[in-house]
Structure formats: structure tokens, C-alpha cells
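>>> Pasting the sequence and the predicted coordinates here, then a few questions.
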Amino acid sequence: MSFNKSIIIVLLACAYAGRAYAQQTQTDTSTVSRFRMVIEIGGGYSYKITEPKQTLGTYTRDGISGTIRLKWGTSALLGVGIETGWMPISGTTNSSLASEFGPVDLKASLTAIPLLALFSLQRFGVQLHSGIGYYRVNSRVTVGGSTNESSEWDLGFMAALGYARPVFNEHRIGVELKYNNITEQQVSTISVHVRFLYRLF
Amino acid sequence: MRHTITTLFRLMPLLLVVLLGSCSMDSGVNIPGFPSGGRLTETIPVQPDIVRLLDGIYTVIEGSDRMGKTVVVKASGNTLSIFTGKNAGLFVLHYGRIDSALIFEGSWRYTQGSETGLARFSMPTENGGISLLNGTRSATSFVLRGTIGDGSSEPSTPITVQFDRPLKAAPFAIIAHRGGGRNSDRLAESENSLGIIQLAEGFGANGIEIDVRLTSNGVPILFHDENFSPRLVNGEYCIGPVANYTFMQIRTLCTLKNGEVVPTLREALDVVLNKTTLSLVWLDCKSPAVLAAAGPLQQEYKQKAITQGRSLTILLGLSTEELVTEYTNMHFGGSTDALCELTLDDVRNTNARVWAPRWTLGPLPADAAQMRAEGRRTFVWTLDQREFILPFLQDGQIDGILTNYPSLVAFEYYVFQ
């Protein structure tokens, strides 16, 4: 839980900054120019940091993940929005797993699609994002030739720290380090993404 | 609008703190054991029938601050249990003999808490040991002396209990929920596992309730929830509806919380019949389709019990109108042993042997008496607190209680005059 505690500290700092900003805007509204809508697309490498309780074969816990965000907020500091995307979580393969049924073929994978309410804080090109919401967790298993796909909604959250710099008036590119936690499934992943940001208005 | 955004932003960390704080991991209570097997390694076995002579209500002579004034002592299987009223304590002790003294060693825990420790008792020759080993009951002289400790420390707090009176002989069903108890009570075995069924008698139960579902290929298994979740299973690929998975997929990918396999109904009934002396099994059928699979097993194990000379009642639980309809439409409807949780009319229409109302309806003595007059029994579910158990015992019309804490119900039932 130490990693989670670190996140809490970061988020509390984030809240403090938000509070400070709110106080500032009460006295100096000139620092806020206008609101804007930004769409953000990112992709990169993800790694599941939660250890598996059991492994049944060749276990993979990394893969290519993606993020899509739609954010609305001030140009200066605060933003809210929604986030979705794609997260590989883990996979297992075993062509001859010893079981009570004899040796069986096993192929299993776990993926998730986040649907999170997004809160962001940005200053000097650095963005701190956090999100809370649900993950659509998908399991696909094939055991002994029989395949099953199951899904469920699970509560979770996300925190990310990124940097972006302008390349044109309405375009920015950047990088991001992201932590996802699917609380109900007790799964955590960490990701490094390259991001493309486009200001819609 | 800006104020709203700022407020939302400030609330977000609080939400996350609450979310993380609510992420509890059910870790089992670490029940201690004596190093190197304790003194029992020096003993020779004693027949369970002999130890059963110890069954009774005992007065606490020494140690009432830990045990209360009265305890219930009851043997079952290869263990002797002690149930205390104070803190709903439960002792489960194994036994053996050295010369003419009986030695009892094991552990205790508060069933509704995490406190636990070691316990060691003995019955010396002069306190009834000899008469007990001779298979006779010189009740007035039965005295159990011992010590209990906290955690894994050597027991040192003295306890002495003396036989007061025998247990009631009247039949009363003390039915352990989910095979013996729930995962949330951090038991040594998972709920609805083969292991918990074997512990149920030590907890004070003489019957169990187990939850039956079907796999996608029609195998009846023991599982409570409609969906897999980390609350009940290990296995990260086990998510979503249980009914989506084949039996092979479940047994290959999923284990119960304490690492056990997800058992089939057949395996569970085998354990009940061959490894316990339980007299009642309540099958909580989770869907109408379960009846077609569970019905033949009920009949098969009823016959096996008769062959073994065992008194074993297996009840098909009917908890919804859909189950009642399915049951009455099936060819064995009315000819098998069923338990109906709905109205008295539903009980009569299905010819159920047992009516099982929810405890929140209150004691309902007139209805329970009517059921008794019709040759049926009344079991109440699910009672876990003393103040709610007592009114049903005082009413005197019910025949059994379903509970997550069989030791608590056993204490209250046997002590209640």
C-alpha cells in the first residue's frame, strides 16, 4: 500500500494547489483567459505491478496500452473530463497444464477498458491527472478447447504525471507516466505513454 | 462554474482516500498451534464415544472473567468443543490419553472477533478420568482443568470447569451458513468448501446450509455469489457470471479464497456422509435449473445414508417463486424433501418438510405451531446475535436456526432452560 499512500499524498498536494488557485482566482481573475476543450490520445507500454497469486504457465504481464481523454477546463490550471482507452493486464499460456482432467491446453487473458471521471491540474506544460470510475474488465479463457469470455464493471482509479509542449498553435505532444488501479480486482498497472493533444476550441 | 470545478477537484482526493480505505483484504485469523504437536504427541487415542460422555453444561469455577459463568461442552467427530457465552468464545480441542488422564489441546477464538490463542485442558483420574475411560458417566465428578493463552504464547491463565447437567436431548437443528461460516469471519477454511463442512460440527452445528449453482455444462457446484470476485476466489481470470464457465474451466483457473478447489455438490455430500456426523443438509438452490441436477443427487445420497444406517436429511431449498414453480412441475415434486422459504401456502403446495421464514418476520409462534401440527418443521434464518436468538428460543415453536455462528446458537440453545 506504500505506492497507494504516495498517490494519496500527491493528490492531497493537488487538492491544496486547487484550493490555492481558487483563492487566487477570487482576487485576480485576469490570470484565467478562457475555457477550452482538449482531446488527448496516448499510447505506450504497460506493466502489471500486482504479483499473481498463482501462475499456471507462461505468464505475461505487459503489453501495449492506449488512452483517450476529453478534457474541458481553464487554459491555465484546472480541468475535468472523461478518460477511456485500453489496458492489457495479463496473459497465461500452457499447452500441457497438469490438472485433474489430465494435461489440458490453457490460454487466458485479462484486459480492461477504463471509463473514468478525470480531474487535471496543469502548469508550465506539466499535467497531473487523476481519475475515478469504473473499469470494464474482460476475461477470455480457453481451457481444453472450450472458450469463455466474461466481463464485469469494477471500481478503480488512476493517477498520471505528464509533460507536453506545443508543436503548433492547437497541437501539443508529450509523455506521461500513469498508474491504474482496479480496486475490486486488486490489480495495478503502470504505463509510459507518448501523447498527442489537440485543442478543439 | 469555475467554483464547481475547483470544488470537485478538491473533493477528488477525499474520494480516493475513501476508496483506498475501503479496499480491505480478508486475511484469515492465524489460529495458533502447539509447537511440535504439543503433549498430544505423547498420548494414545481415545474413542470419540467415550469423549461424548463429557457433553454437558459446565459451571466455570476458575476463569469466569474469560469464559463467563457457564460453558457448553460438546464432542463431535474427533474434537471436543467448548462454547462460552461471554464473547461468543469457541474452543476446538483434540484429545488423547496418558495413563488414566485425558489430555485436550487446541485453540480458542472469539467467533465475532480476531482474538485467539492456545488452550490445554486435562481431566485427571480423580476428576472423572477413570470413570470416563471405563465408558461410564459419574457426572458429578467431571472436572476439566486447564490453561489458556493469547496468541501463540504458552497457555498460562488457569481455567476450571465442573459438570453441572447434561445437554438437552430434544432435537434442534443448528445449521451452519455456507457450510460452516463466511469468509468475512476469517475462518481457516473458505465458505462453501469441503474443509469448512468438516469444521462445522466443531463449531456447534448439526446441519449445514450450502449454496448450489450450475456451471455452463450443468455441473452443480458450491458457490454463493452469482459472479466470481476476489472476495470468494483466487484466480485473476475468474470474473463475471459463474454460469458462464465450464466445470473444467473453474477447476483449472479458480480456487476458493483459502486455496481450496470449488467443490461439486457430489463431493460435498460425500464429505457430509463419510467424514461427518451431520444430520441435515440444506441445499440453497440458486436457480430453478439447479433442481434438476440436485434432485437426483439428493435421492442418491438419501439412499446411501440409509444403507450406512445414517440419519441424514437433505433438503432442496426453495427460496423464490420460480423455484417453487419449477419444483412443482418436476416429476419428483412433492415426493422429495424440500424446504420452502415463502408462504405457508407455498409450503403446503410443495409439500415441503420445512418452512424457513426470515428472522426479521419475528417468531410467528402460531404459524410455527401450525407447521408442527402438520408434521413440518420451522427453521429460521439467519440469526447471528444473542438478543435476536433468545426470543425465538423463548417462543419454543421453532425447530432450527440457520446461523453464521453455530457456537453462539449452540450455547444459547443448550443453556436456555
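Thanks, I have it.
>>> Can you give me the domain boundaries for chain A?
For chain A, the structural domains run A:1-33, A:34-199, going by automatic domain parsing.
>>> Lowest average confidence across helices and strands of chain A, where is it?
Taking mean pLDDT, DSSP states H and E as the measure, the helix or strand of chain A with the lowest value is helix A:2-27, at a mean of 52.
>>> Quick check: what element follows it along the chain?
Note on helix A:2-27: by DSSP states H and E, the next helix or strand toward the C-terminus is strand A:35-48.
>>> avg pLDDT for that next one?
Averaging pLDDT along strand A:35-48 yields 94.
>>> And the contacts of it?
Applying Cβ atoms under 8 Å, 6 or more residues apart in numbering or on different chains, the contact partners of strand A:35-48 are A:61-75, A:79, A:85, A:87-90, A:176, A:187-201. For the C-beta atoms, the positions are set from N, CA and C on the backbone; glycine is no exception.
>>> Equivalent analysis for stretch B:147-161, please.
B:32-33, B:58-63, B:66-67, B:71, B:73, B:82, B:108, B:115-121, B:143-146.
>>> I'd like to know which of these are buried.
Those of those that meet the buried threshold are B:32, B:58, B:60, B:63, B:66-67, B:71, B:73, B:82, B:108, B:116-121, B:143-146, by 16 or more other Cβ atoms under 10 Å in any protein chain shown.
>>> Show me these that map onto helices.
B:Arg66, B:Met67 (DSSP state H).
>>> mind showing which ranges of chain B have poor pLDDT?
B:1-28, B:127, B:129-130, B:137-140, B:331-335 (pLDDT under 70).
>>> The residue of it at minimum distance from chain A: what's it in contact with?
Proximity of chain B to chain A (Cβ to the nearest Cβ) peaks at B:Gly240, 2.9 Å away. Counting by Cβ under 8 Å, 6+ apart, B:Gly240 touches A:Ser139, A:Ser150, A:Ser151, A:Glu152, B:Asn227, B:Phe228.
>>> ok, now which ones touch the residue lying closest to A:Val104 once chain neighbours are set aside?
Counting by Cβ to Cβ, 6 or more residues apart in numbering or on different chains, A:Val104 lies nearest to A:Gly144, which is 4.4 Å off, once chain neighbours are set aside. Contacts for A:Gly144 (Cβ under 8 Å, 6+ apart) come out as A:Phe101, A:Val104, A:Asp105, B:Met248, B:Thr252.
>>> Look up how far A:Pro103 lies from A:Gly144.
9 Å (Cβ to Cβ, to the nearest Å).
>>> Can you show me the strands along chain A?
Residue ranges of the strands in chain A, as given by DSSP state E, are A:35-48, A:58-60, A:62-74, A:78-97, A:104-123, A:126-143, A:146-166, A:171-182, A:187-199.
>>> hmm, back to that, are any of the contacts of A:Gly144 buried, and which?
Using 16+ other Cβ under 10 Å, the buried ones in these are A:Val104, B:Met248, B:Thr252.
>>> Would you reformat those as a markdown table and include distance to B:Ala410?
Shown next, in a markdown table, are these (distance: Cβ to Cβ, whole Å):
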| residue | distance to B:Ala410 |
| --- | --- |
| A:Val104 | 44 |
| B:Met248 | 40 |
| B:Thr252 | 39 |
